[in-house]
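Asks: coords please:
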Amino acid sequence: MKRLVTVSALLALLMANACSKRASTAPEPQAKAFGAAVAVISGDKQMAGVGSQLEQPLVVQINDAKGTAVSGALVRFSGPAGMAFTPDHALSGSDGQVSTTVTLGSVHGRYQIKASTRDQSGKSNGIGIDEVALGYQETLGRMLSETHCVRCHENESTAERVSNHDNLSAAPHSLSDGSVVNKMTDANLAAIIGHGGTALGKSPEMPPYAGTLNKAEIDALIALIRAIADPPYRPQGVLYAVD
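Replies: The predicted model follows:
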């Protein structure tokens with residue numbers, strides 16, 4: 001009996017040590033320099049499904065008051081509940097830059113990340129960076145957009161498609177161009193998607209898709225357009241506590 005108790009106690013001690021090691025975290029690196037501003041280099045305004053990792057890493061640069069890159073400054077990344085960053089803090093490299101991999105939360109919508117650093121006085125300096133988590137409807141809209149829309153509405157070609165943007169007499173706006181799409185009602189967007197540009201007195205080069213897409217698919221495209229609009233879409237008649 002005594003031997004059994006001794007073995008049990010030993011196992012408990014080993015498990016406690018293992019849990020302690022798993023729970024411990026590496027000490028935060030000490031800043032070797034300080035920056036006055038944070039600038040986004042790449043990876044902002046991306047979109048992915050809820051709970052997914054963004055395709056491109058988020059890269060920021062720490063600059064001094066003169067705009068020169070600062071090496072060795074401590075940068076922290078934070079965001080709404082459910083987001084994850086790998087790493088969530090690091091020292092800027094010789095080019096003043098820090099990169100992190102971002103995983104979105106489980107709720108669809110716009111997420112604002114904060115990348116921050118401190119100057120020599122201890123004052124925090126940071127920047128807000130928007131990313132979009134797509135729910136089921138917006139994800140469907142994205143798939144439909146890749147098939148039917150982006151070839152004309154995006155001016156850059158990719159390995160998967162050649163852009164037709166510059167071949168059109170009336171240059172199409174980006175689907176995320178809030179200065180254009182935010183002025184249009186959902187009914188107007190449905191009309192132009194379903195019946196083409198002439199439905200709203202616009203270019204006939206915008207073809208009708210009513211014979212190709214059903215109502216649910218057109219609604220999904222509209223949901224995507226609303227989700228990715230820059231500046232963000234704000235329906236009329238809705239009050240916002242924070243601007």
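Asks: drop to CA atoms for contacts and neighbour counts, all remaining ones
Replies: OK.
Asks: In this structure, where is pLDDT below threshold?
Replies: Scanning the chain for pLDDT under 70 picks out the ranges 1-26, 237-243.
Asks: can I see the domain layout of it?
Replies: 37-134, 136-228 (automatic domain parsing).
Asks: export these to TSV and tack on distance to P27 and mean neighbour count?
Replies: Putting the domains of the chain into TSV (distance: least, Cα to Cα, whole Å; neighbours: other Cα atoms under 10 Å) gives the following:
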stretch	distance to P27	mean neighbour count
domain 37-134	11	19
domain 136-228	38	17
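Asks: This structure: helices as residue ranges?
Replies: In the chain, the segments counted as helices under DSSP state H are 2-23, 136-148, 150-153, 178-181, 186-195, 215-228.
Asks: what sits against L144?
Replies: E217, L221 (Cα atoms under 8 Å, 6 or more residues apart in numbering).
Asks: quick one: it from A191, how far?
Replies: Note on L144: its distance to A191, by Cα to Cα, to the nearest Å, is 17 Å.
Asks: again with L175
Replies: Between L175 and A191 the distance is 15 Å, computed by Cα to Cα.
Asks: and the closest residue to S99 other than its chain neighbours, bridged to which residues?
Replies: In space, S99 comes closest to V59 once its chain neighbours are excluded; the distance is 4.4 Å by Cα to Cα, 6 or more residues apart in numbering. Under DSSP bridges, the beta-bridge partners of V59 are S42, S99.
Asks: residue contacts, V59?
Replies: Applying Cα under 8 Å, 6+ apart, the residues contacting V59 are V40, I41, S42, G43, Q97, V98, S99, T100.
Asks: Quick check: the gap between it and N182.
Replies: 29 Å.
Asks: ok, now S94?
Replies: 41 Å.
Asks: A39 now?
Replies: A39 is 27 Å from N182, by Cα to Cα.
Asks: same question, G211
Replies: Taking Cα to Cα, one finds G211 at 26 Å from N182.
Asks: swap in I41?
Replies: For I41, the distance to N182 - Cα to Cα - is 27 Å.
Asks: How about R118?
Replies: 37 Å.
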